[in-house]
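Peer 1: coordinates for the following, if possible.
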Amino acid sequence: MEKNPQISVVIPVYNSEFYLRNCLNSILQQKNQDFEVIMVNDGSKDKSGEICDEYSKKDKRFKVIHKTNEGVSIARNIALNQAKGEWISFIDSDDDITEDFLTIPIECHTASVIQKNYFRICLDGTKTLTRLENKCLSTPKEIAYFWLNKRTNSLWNKLIRRDIIGNYRFIPNIDISEDFLFFTSIIHRVKKYAFSNIGAYRYYERPNSAMKNFENNLRKNIHITFEHLHIIRSYENENKDKWLYEGLVYGYFMNTLWNLRRALTKEERKEFNSLLNEMKIKSLFYVNKKTKFKLLFIKMINLTSQHG
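Peer 2: A predicted model of the protein is given here:
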């Protein structure tokens, strides 16, 4: 009987022929070779599909699924359904990783999530390293506080136990802040959140990145933002930890709606205000000062919508 790999690497692929080889080669160069790679070619129009086939023929650990274009969320779901590893790593096809990224330190073996350092490489070539000290968080409030206040909801710099994810999947047709919504739905299962300085993810800013497109097409994406809020609101009845639910709402505001604040119409401000009122949010004891300052902006929006 074939042994399951320690790590399943999930890679949605779409029109990334110029970066894909670097990504896949960085995985081949890992010190920890106990992995499988599931590439989902999401209807690429360039040679990305051919590159995926090339690697799958050379190494049986590399598996490729070809499909019509339906977005990153559905592509990741297809890969998750095929994954056999104890751990899941989400890597974007235009990024890459250092040789230790898939290494799991002994002290992290009992963790639910392992967060690694990451490099951010800007369009002008500027490179910055975000480094976190080796430590573990083991209480729900510690984990949620760090996650909400330190903007750590991206999936690409983390290893997540597959049993923590369970049967939860990405919400189809949502490709903006899908990471946040995904992690929102599994964070209450996380018992131990570990940080490791061994290995790093390399995130490259691209002119056509999802976040850049989001910022450049604010009006087009406002309807997605409100759909997100309605989804988060649905968690209220499912989540026993009221403080966590409230934090998710505010955390979402920080990570997505903050980017839209200048584009909201008067009616949309009213709708947002109404949603918050229906959520009956009260406690903010776990939110830091910077976040609270941003929350004041919500009240300013409300006043503007009422008197503007």
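Peer 1: please count neighbours and contacts with C-alpha atoms only from this point.
Peer 2: Noted.
Peer 1: packing partners of the helix or strand where Ala75 lies?
Peer 2: Here Ala75 sits within helix 72-82, counting by DSSP states H and E. Helix 72-82 sits against strand 7-13, strand 35-42, with contacts defined as 3 or more Cα pairs under 8 Å, 6 or more residues apart in numbering; DSSP states H and E.
Peer 1: what's the longest one in contact with?
Peer 2: Put plainly, it is strand 35-42. 5-14, 48-49, 52, 61-72, 75-76, 78-79, 82-83, 85 (Cα atoms under 8 Å, 6 or more residues apart in numbering).
Peer 1: report all helices and strands that the following helix or strand past it contacts.
Peer 2: Reading on from strand 35-42 to the C-terminus, the next helix or strand found by DSSP H and E is helix 48-58. For helix 48-58, the packing partners by 3+ Cα pairs under 8 Å, 6+ apart come out as helix 20-28, strand 35-42, strand 62-67.
Peer 1: angle of the second one against helix 48-58?
Peer 2: Translated: strand 35-42. Here strand 35-42 runs at an angle of 150 degrees relative to helix 48-58 (axes from the mean of the first three to the mean of the last three Cα atoms, to 10 degrees).
Peer 1: what's the closest of the helices and strands packed on helix 48-58 to Glu205?
Peer 2: Across these, Glu205 has its closest neighbour in helix 20-28 (14.4 Å, Cα to Cα).
Peer 1: pLDDT averaged over that closest one - what is it?
Peer 2: Averaged over helix 20-28, pLDDT sits at 98.
Peer 1: hmm, who's touching it?
Peer 2: Applying Cα under 8 Å, 6+ apart, the contact partners of helix 20-28 are Ser48, Ile51, Ser93, Asp94, Asp95, Asp96, Ile97, Thr98, Glu99.
Peer 1: any chance of CSV for the residues you listed, columns secondary structure?
Peer 2: As requested, the contacts of helix 20-28 are exported to CSV (DSSP: H, G, I helix; E, B strand; the rest coil):
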residue, secondary structure
Ser48, helix
Ile51, helix
Ser93, coil
Asp94, coil
Asp95, coil
Asp96, strand
Ile97, strand
Thr98, coil
Glu99, coil
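Peer 1: those: which two are farthest apart?
Peer 2: Ser48 and Glu99 (23.1 Å).
Peer 1: give me the more crowded residue out of those two.
Peer 2: Ser48 (23 against 18; other Cα atoms under 10 Å).
Peer 1: which PyMOL command selects the buried ones in the contacts of strand 35-42?
Peer 2: Applying 16 or more other Cα atoms under 10 Å to those leaves a buried subset, and the PyMOL line that selects it is:
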select buried, resi 5+6+7+8+9+10+11+12+13+14+48+49+52+61+62+63+64+65+66+71+72+75+76+78+79+83+85
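Peer 1: for stretch 271-288, what is the average pLDDT?
Peer 2: For stretch 271-288, mean pLDDT is 54.
Peer 1: nearest spatial neighbour of Gln115, skipping sequence neighbours?
Peer 2: Closest residue to Gln115 apart from its sequence neighbours, by Cα to Cα, 6 or more residues apart in numbering: Lys158 at 4.4 Å.
Peer 1: surely the one you found and Ser112 touch.
Peer 2: No. Applying Cα atoms under 8 Å, one finds Lys158 not in contact with Ser112, separated by 10.3 Å.
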